[in-house]
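Q: show me how the following folds:
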Amino acid sequence: MTTPHPHNSGLTVDLNPAAAVARNARYHGDTVVLDYPGGDLTFRELDDRAARLATVLADGGARDGSRIAYLGLNSSAFFVTMLAAFRIGALFVPVNFRLADPELAKVLKSSTCQVIICEEGHRASVDRVRHKTSLSRFLLVDDDPEVPAGTAEHGWEPWAALIADAEPTVAVVAKHADDPAILMFTSGTTGTPKGVVLTHGNAWWNSVNVELHLNTQRGDTTYAAAPLFHIGALNSFALRTLTRGGTVVVRRTFDPQTCADDLVRLKVNSVFGVPQMFTALSRVPGFFDNDLSHLRAVVVAGAPVPPSLVEQYASRGLLLQQAWGLTETAPFATHLPAEHTLDKIGSAGIPMPYTQVRVVDVLTNEPVAPGTRGEIVVRGPNVFAGYWDNAQATAAAYDSEGWFHSGDIGYLDDDGCLYVVDRLKDMIISGGENVYPAEVEHALATMPGVLDVAVVGVPDPQWGETVAAVIAVAEGSRITLDDVRDHAARHLARYKLPRRLKVVDAVPRNGSGKLDKPVIRQVAAEEQ
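A: Alright, predicted model coming up:
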């Protein structure tokens, strides 16, 4: 038997996205890769700016393995920074721009970033916490018309002149499957954010999964308005579009009217969003009257998707494709193919082609029968390498067979389709009965006048915990606890019905669009 040469195994293939962008710059240099209000960039221009910034970073001491942070809204500067970091082999650290100062300090300190590239709107926050971090170099984005103008002071360096004066790096550091690429911090809905180390292999295998499972093509136009510091927005379509030679429409934030106009005018082919984005889009006057036939891959994830939203879009000819995953799965572990949007409504789909998913008993870790609820576990090359500087958390996340324990509760039906019920840590135990908040939220989301809803458990002297609903209602609507209980009783057992109601102007959500359960619990505990 002939022993294969190691170079034939594929293990030495360079998976660095910066190398792919450089290739596109060589062969498709005039193609617009970033459509951005602050100025479009072709592949040649993007590669050149990233190569010059890479020189700036290297001249300042950044090298293979360094951490480079970016803090700002969606922009072309985000992608330039990411690619420059990749070119020198550094880890890219996209920072949640909605973090409060104490949270920002924790992320920057934990990641031990040496360099931060920042927009003016967030510079003051960095200045207030910089003494608690390892930061030694501060670059200020000063050439983007969409970014507020600022004056570089207190050690900040305007990056435009540095990039213009630098010679572009010629080489791109080769990176393979196990090499770290991105250090991304979880949204922290259940506690202190953890740094998730995603490798170049994680990102690449997610792209392969998407390639095989979704209707996308080389040269597609994708829409990026969800925050790019979130793995769903970055690695669903945006990063892979850079490597495949397509166009990323970059918008600083999500605006429903702007999005509706862009989808039509630019003939967008794919878009990722959280349910709230699609709900807001559906309320844009005349949105469904437009020709949206070019939209082939519309993925909704990041939070439970109300079946009523799926039905609304399907009735207008748009099939929302629900997916499920976490930052740790880079992001997709499952996806519901468009052809099953209606016959499997409410399902997060089937496992991605190169990802294994099963549901296990929380106590025994043994697989459970179809229809039985348990914890969802995942295994595959898209699953993260571990938590940054946290061996204990990494060890706790995996079992002895290499399955990552997601902390989500769900079940598989007889056809192998996954239904996500709730977070394990969010489960309410009321009078000895398990209540899954997401199930109650789905029931209440169909109630007339309800704009947004969250359900949490609050302490109760009689039941241990009781179900509390926090609801935002439409203008002019009035909802009482009796109304809520009467509506929910049509769908749920009585022990699942809310016993408390808090009406709010807006239900708290974090920067990723997920319900901010710690804050919601505080709101629910307040006197009405």
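Q: longest single helix anywhere in the chain?
A: helix 43-59 (DSSP state H).
Q: in terms of secondary structure, what does the helix or strand just after that one contact?
A: Proceeding C-terminally, helix 43-59 gives way to strand 67-71 as the next helix or strand, assigned by DSSP states H and E. Applying 3 or more Cβ pairs under 8 Å, 6 or more residues apart in numbering; DSSP states H and E, one finds that strand 67-71 contacts helix 76-87, strand 91-95, helix 101-111, strand 115-118, helix 120-129. For the C-beta atoms, the positions are set from N, CA and C on the backbone; glycine is no exception.
Q: among the ones you listed, which is nearest Val504?
A: Val504 lies closest, by Cβ to Cβ, to one member of the helices and strands packed on strand 67-71: helix 101-111, at 22.2 Å.
Q: run the angle between that closest one and strand 67-71 for me.
A: An angle of 160 degrees separates the directions of helix 101-111 and strand 67-71 when computed by axes from the mean of the first three to the mean of the last three Cα atoms, to 10 degrees.
Q: just the strands in the stretch 151-300 of the chain please.
A: Shown for the stretch 151-300 of the chain, the strands assigned by DSSP state E, counting those that start in this stretch span residues 156-158, 180-185, 195-199, 221-224, 247-250, 270-273, 297-300.
Q: so which elements touch the fourth one?
A: This means strand 221-224. The elements that strand 221-224 packs onto, with contact taken as 3+ Cβ pairs under 8 Å, 6+ apart, are strand 247-250, helix 256-265, strand 270-273.
Q: do that again at 6 Å, thanks
A: In terms of contacts (3 or more Cβ pairs under 6 Å, 6 or more residues apart in numbering; DSSP states H and E), strand 221-224 is packed against strand 247-250.
Q: would you give the sheet partners of the strand it packs on, along with the direction of each?
A: For strand 247-250, the paired strands and their directions (DSSP bridges) are strand 32-35 (parallel), strand 221-224 (parallel).
Q: who touches it?
A: With contacts defined as Cβ atoms under 6 Å, 6 or more residues apart in numbering, strand 247-250 is touched by Val32, Leu34, Asp35, Tyr36, Asn74, Thr221, Thr222, Tyr223, Ala224, Ala238, Thr241, Leu266.
Q: make it 7 Å
A: Defining contact as Cβ atoms under 7 Å, 6 or more residues apart in numbering, one finds that strand 247-250 is touched by 32-36, 74-76, 221-224, 238, 241-242, 262, 266, 268.
Q: show me where the stretch 301-450 of the chain has helices.
A: All helices of the stretch 301-450 of the chain, identified by DSSP state H, counting those that start in this stretch, fall at 307-315, 391-397, 437-445.
Q: next, format those as JSON lines and append mean pLDDT.
A: Converted to JSON lines, these look like this (pLDDT from 0 to 100):
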{"stretch": "helix 307-315", "mean pLDDT": "92"}
{"stretch": "helix 391-397", "mean pLDDT": "94"}
{"stretch": "helix 437-445", "mean pLDDT": "88"}
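Q: which one of these is the most hemmed in?
A: Sort the helices of the stretch 301-450 of the chain by mean neighbour count, taking mean count of other Cβ atoms under 10 Å, and helix 437-445 sits at the top with a mean of 22.
Q: so the following helix or strand past it versus helix 437-445, what angle?
A: The element immediately downstream of helix 437-445 (helix or strand, assigned by DSSP H and E) is strand 450-460. Relative orientation of strand 450-460 versus helix 437-445 (the same axes, to 10 degrees): 140 degrees.
Q: so how far is the one helix or strand in the chain whose mean pLDDT sits lowest off the chain centroid?
A: Taking mean pLDDT, DSSP states H and E as the measure, the helices and strands of the chain show their lowest mean at strand 433-435, namely a mean of 80. Distance, stretch centre to chain centre, for strand 433-435: 29 Å (Cα atoms, centre = their mean, to the nearest Å).
Q: same check on stretch 114-121?
A: When C-alpha coordinates are averaged (Cα atoms, centre = their mean), stretch 114-121 and its chain have centres 21 Å apart.
Q: what does it rub up against?
A: Residues outside stretch 114-121 that contact it (Cβ under 7 Å, 6+ apart): 57, 60, 62, 66-73, 77, 81, 126, 134-141, 147-150, 159.
Q: now the buried members of these.
A: For those, a burial check counting by 16 or more other Cβ atoms under 10 Å picks out 57, 60, 62, 66-73, 77, 81, 126, 135, 137-141, 147, 150, 159.
Q: measure how buried His176 is and give me the count.
A: His176: 16 surrounding residues under other Cβ atoms under 10 Å.
Q: also Gly317?
A: Each residue near Gly317 was counted by other Cβ under 10 Å, and the total is 10.
Q: then Asp408?
A: Applying the criterion other Cβ under 10 Å, we find 24 residues in the vicinity of Asp408.
Q: show me what contacts it?
A: In this structure, Asp408 makes contact with Ile376, Val420, Arg423, Leu424, judged by Cβ under 7 Å, 6+ apart.
Q: could you list the low-pLDDT ranges of the chain?
A: Along the chain, segments meeting pLDDT under 70 span 1-11, 187-192, 511-513, 527-528.
Q: thinking again about what came up before, what residues sit buried inside the least confident helix or strand of the chain?
A: Using 16+ other Cβ under 10 Å as the test for burial, strand 433-435 gives Val435.
Q: parallel or antiparallel, list what pairs with it.
A: Counting by DSSP bridges, the strands paired with strand 433-435 are strand 428-430 (antiparallel).
Q: and for the nearest residue to Gly29 once chain neighbours are set aside, the neighbour number?
A: When the adjacent residues along the chain are set aside, Gly29 lies closest to Arg44, with 3.5 Å between them (Cβ to Cβ, 6 or more residues apart in numbering). When neighbours are defined as other Cβ under 10 Å, Arg44 has 17 of them.
Q: ok, now Asp482?
A: The number of residues packed around Asp482, counting by other Cβ under 10 Å, is 9.
Q: which helix or strand contains it?
A: Assignment of secondary structure by DSSP H and E places Asp482 within helix 481-488.
Q: what helices and strands are in contact with the next helix or strand after that helix?
A: Of the helices and strands lying after helix 481-488 in sequence (DSSP H and E), the nearest is strand 500-504. Secondary-structure packing of strand 500-504 (3 or more Cβ pairs under 7 Å, 6 or more residues apart in numbering; DSSP states H and E): strand 464-473, helix 517-525.
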